[in-house]
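Participant: A structural model of the following input is requested.
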Amino acid sequence: MASRKTRQRGEGKIGCILSLLVFIVGVALALKLVPVWYANNNLREYAADLALEAGVKTIPVMMAQLRSKAKELDIPEALDEGAITITTLGPSSEGNCTITLNYARVVDLYGIYPVTFTTNEVISRHYVDAR
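Facilitator: Numbering: from 1, shown residues only. This next block holds a predicted model:
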């Protein structure tokens, strides 16, 4: 019986290179998209927390705080006129506060493709003045 040797050594260079390429593209996309998603999420959470304090804060104060938070999170689209609206219903001791966030952020993916993050969130919270 003659021994047959094959030239295949089990190396998969092409598969490794393709996997590495997919990984690099994924990391590059994440570096562009995750900070935008994170900032939008933080602004929504801040607005929800702020709506609970409507019994002790006036609408202009809450608006200034939301705009300040948007500036801190580097969301210039939220600073546009009409991007944030705040309404309260009821007396200052107990009522309902509604905060509407309505803006769109465009993220350029390295000049290849623009991605639009649209935030159209209506946050409504019941508040009680607990002073």
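
Participant: From now on I want contacts and neighbour counts done on CA atoms only, so please keep to that.
Facilitator: OK.

Participant: so how far is Ile112 from Val56?
Facilitator: Taking C-alpha to C-alpha, to the nearest Å as the measure, Val56 falls 48 Å from Ile112.

Participant: which residues of the chain fall in helices?
Facilitator: 13-51, 59-72 (DSSP state H).

Participant: what does the shortest one contact?
Facilitator: Helix 59-72 is touched from outside by 43, 46-47, 50, 54, 76, 78-79, 84-88, with contacts defined as C-alpha atoms under 8 Å, 6 or more residues apart in numbering.

Participant: Just put these in CSV and tack on pLDDT.
Facilitator: As requested, these are exported to CSV (pLDDT from 0 to 100):
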residue, pLDDT
Leu43, 95
Tyr46, 96
Ala47, 94
Leu50, 92
Ala54, 84
Pro76, 92
Ala78, 90
Leu79, 90
Ile84, 94
Thr85, 94
Ile86, 93
Thr87, 92
Thr88, 90
